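>>> With the sequence up front, the predicted model follows.
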Amino acid sequence: MPIIEQLVTSFIASAAFVIIFNGPKRSLFHCGLVGMIGWMLYFLLESNGLDMVLATVIAAFAIAIAAQYFAKKYKTPVIIYSVAGIIPLVPGGIAYNAMRNFVQNDYNLAINLAAKAFMISGSIAIGLVFSEVINQVIRRSKLKSIVNKSQ
Amino acid sequence: METEIELQETYDIMAVCLLAGKIMLQSGAETYRVEDTMMRIAASFGAYQSHPYVTPTGILFSVEGAEPTKTKLIRIVERTTDLEKVASVNGISRKISAGEYTIEQAYKLLKKIDQSGSPYSLWVHVLAAAISSGCFLIMFQGSWGDFFPAFITGGVGFLSLLYFHKLVQIKFFSEFSASLLIGLQAFFFVHIGIGGELDKIIIGSVMPLVPGLLITNAVRDLMAGHLISGLAKGADAFLTAFAIGAGIAVTFSFL
């Protein structure tokens, strides 16, 4: 039951975010799907005891692949899909708790949490970089085939 | 293939490229996409040697032809997020590359996109922010009883962000005020007994303000080698995050 709850809410939240960013109407459904895939992967991995940072890297990587796929298929900029997927992974909760502890003068706990939030942001970045690498590898192989044809 | 292009034509090509670049940059596209699009459009109209230099606050564009190199600069002051425009300019650029449009047709189409408003009305935006706040609450393991407070808090928070931004053109101030308002509302809901967990409600409602697009863009720009744009966008994202955090922090210091 909690899984269905998570599936539905992550889909709606990602699609709603695309509306906030004025995304094209025809891509709302696909953006929701990308967000759902990323969040479900993160949720399942994290609730099965995997480290938060590693779970975020894997989820961001999956989001990147899904976003690239949809971008290629519908000839739309990849950013529309990746943004929808990344948003749920942003460590808002941890950053919030860090801020709260700073204000309540519990600096030790606050620094701990801030470091964790920083690590998670970094792992989102790593996932996105993977997407860039894959994109360039594909592009280069396509370029090669074009060059080969023209020779 | 034409080797020499007329003087007037060069200026026309530059106008089309700059307009396309301006729309994309203002709407939140990545720097490398803006540069790539401008070069593609120029090349498909016959200007094979062009050098766009794009930063978040301005575009420099020079075209080399038979005559001395021509360079133009435009300033970008206001930046919003409008992914629909990015997608439509991208689509037009593809069609230009395929040779479907003349320079005039392309310019007219781009002008139309530039002047078009948001595809969604204000209330759809607010509703989307409210719904996503509620959904994030559930995603962060909140209880369904807190869905309604988060829905209201997130919606009002986002509406106040838009309102404050219209009132004062300083991003930091509007984000700070919006998150302060979110914190106060969440506290109010918990105080009168409608909301349960204060933390979860605030985290969920703050999500629509989170600079997700900026973070994504900053990373992609840095990786593509656009160091200035990447750092500038990263600083922008950090400022936004700091404004949100400060707003919430002030709420707590009241309590």
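Done, it's in. Numbers count the residues shown, from 1 in each chain, chains lettered A, B, ... in the order given.

>>> Point out where chain A drops to low pLDDT.
A:143, A:146-151 (pLDDT under 70).

>>> Could you state which residue of it sits nearest its centroid?
A:Ile86 (2.7 Å; CA atoms, centre = their mean).

>>> Which residues are in contact with B:Ile131?
A:Ile12, A:Ala13, A:Ala16, B:Phe151 (CB atoms under 8 Å, 6 or more residues apart in numbering or on different chains). In this view, the C-beta of every residue, glycine as well, is placed from N, C-alpha and C.

>>> Sorry, slip of the keys, the one I care about is B:Val190.
B:Pro149, B:Gly196, B:Glu197, B:Leu198, B:Ile201.

>>> Between these, which sits nearest B:Ala15?
B:Ile201 (50.1 Å; CB to CB).

>>> Specify the local secondary structure of A:Gly49.
Secondary structure state of A:Gly49, per DSSP: H, G, I helix; E, B strand; the rest coil, is coil.

>>> residues near it, how many?
Other residues within reach of A:Gly49 by the criterion other CB atoms under 10 Å in any protein chain shown amount to 7.

>>> Low-confidence stretches in the stretch 51-200 of chain B?
In the stretch 51-200 of chain B, residues with pLDDT under 70: B:66.

>>> among the contacts of B:Ile131, which ones are buried?
A:Ile12, A:Ala13, A:Ala16, B:Phe151 (16 or more other CB atoms under 10 Å in any protein chain shown).

>>> Could you list which of those belong to helices?
Judged by DSSP state H, the buried ones among the contacts of B:Ile131 include A:Ile12, A:Ala13, A:Ala16, B:Phe151 as members of helices.

>>> of those residues, closest to A:Lys116?
A:Ala13 (22.3 Å).

>>> just checking, the closest one touches B:Phe140?
No - with contact defined as CB atoms under 8 Å, A:Ala13 does not reach B:Phe140; the gap is 10.5 Å.

>>> hey, where'd the helices end up in the stretch 1-150 of chain B?
Under the criterion DSSP state H, counting those that start in this stretch, helices of the stretch 1-150 of chain B are mapped to B:7-26, B:31-44, B:83-97, B:103-115, B:122-139, B:147-167.

>>> CA atoms of the helix or strand following the last one as CSV?
Using DSSP states H and E, the helix or strand that follows helix B:147-167 towards the C-terminus is helix B:171-191. Below are the C-alpha coordinates for helix B:171-191, written out as CSV (Å, rounded to 0.1, in the frame of the first residue of the first chain):
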residue,chain,number,x,y,z
LYS,B,171,14.7,37.6,-5.9
PHE,B,172,16.3,37.1,-2.5
PHE,B,173,13.7,39.2,-0.8
SER,B,174,10.7,37.5,-2.4
GLU,B,175,12.1,34.0,-1.6
PHE,B,176,12.9,35.0,1.9
SER,B,177,9.4,36.4,2.5
ALA,B,178,7.7,33.5,0.9
SER,B,179,9.5,30.9,3.1
LEU,B,180,9.0,33.0,6.2
LEU,B,181,5.3,33.0,5.4
ILE,B,182,5.3,29.3,4.9
GLY,B,183,7.0,28.8,8.2
LEU,B,184,4.4,31.0,10.0
GLN,B,185,1.5,29.3,8.3
ALA,B,186,2.8,25.8,9.2
PHE,B,187,3.2,26.8,12.8
PHE,B,188,-0.3,28.3,12.8
PHE,B,189,-1.8,25.1,11.4
VAL,B,190,0.0,22.9,14.0
HIS,B,191,-0.9,25.4,16.8
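
>>> And the most centrally placed residue in chain B, how far from B:Met38?
Residue closest to the mean C-alpha point of chain B, counted by CA atoms, centre = their mean, is B:Thr81 at 2.7 Å. Per CB to CB, to the nearest Å, B:Thr81 is found 20 Å from B:Met38.

>>> now swap in A:Phe118 and tell me
In terms of CB to CB, A:Phe118 sits 35 Å off from B:Met38.

>>> Over to B:Lys166?
For B:Lys166, the distance to B:Met38 - CB to CB - is 31 Å.

>>> okay, the two: which has more neighbours?
Set side by side, B:Lys166 and B:Met38 show more neighbours around B:Met38, with 28 against 9, by other CB under 10 Å.

>>> so what's that one up against?
B:Cys17, B:Leu18, B:Ala20, B:Gly21, B:Ser50, B:Pro52, B:Val54, B:Ile59, B:Phe61 are the contacts of B:Met38 under CB under 8 Å, 6+ apart.

>>> same deal with A:Gln104?
B:Phe252.

>>> ok, now the one 5 residues further on?
Counting by CB under 8 Å, 6+ apart, A:Leu109 touches A:Asn101.

>>> host element of it?
helix A:107-150.

>>> between that helix and helix B:31-44, how many degrees?
Relative orientation of helix A:107-150 versus helix B:31-44 (axes from the mean of the first three to the mean of the last three CA atoms, to 10 degrees): 20 degrees.

>>> Next one: B:Pro52 from B:Leu122, what distance?
B:Pro52 is 34 Å from B:Leu122, by CB to CB.

>>> Which one's more surrounded, the two?
Each of B:Pro52 and B:Leu122 has its neighbours counted (other CB under 10 Å); B:Pro52 has more, 21 against 10.

>>> Am I right that that one is in contact with B:Arg40?
No - the criterion here is CB under 8 Å, and B:Pro52 misses it with B:Arg40 at 10.4 Å.

>>> Mind exporting the C-alpha coordinates of stretch B:84-95 to PDB?
Extracted C-alpha coordinates of stretch B:84-95, given in PDB (Å, rounded to 0.1, in the frame of the first residue of the first chain):
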ATOM      1  CA  GLU B  84       7.700  25.500 -23.300                       C
ATOM      2  CA  LYS B  85       9.500  28.400 -25.000                       C
ATOM      3  CA  VAL B  86      12.800  26.500 -24.900                       C
ATOM      4  CA  ALA B  87      11.100  23.500 -26.500                       C
ATOM      5  CA  SER B  88       9.400  25.600 -29.200                       C
ATOM      6  CA  VAL B  89      12.600  27.500 -30.200                       C
ATOM      7  CA  ASN B  90      14.300  24.100 -30.300                       C
ATOM      8  CA  GLY B  91      11.700  22.900 -32.600                       C
ATOM      9  CA  ILE B  92      12.000  25.900 -34.900                       C
ATOM     10  CA  SER B  93      15.800  25.600 -35.000                       C
ATOM     11  CA  ARG B  94      15.400  22.000 -36.100                       C
ATOM     12  CA  LYS B  95      13.100  23.100 -38.900                       C
END
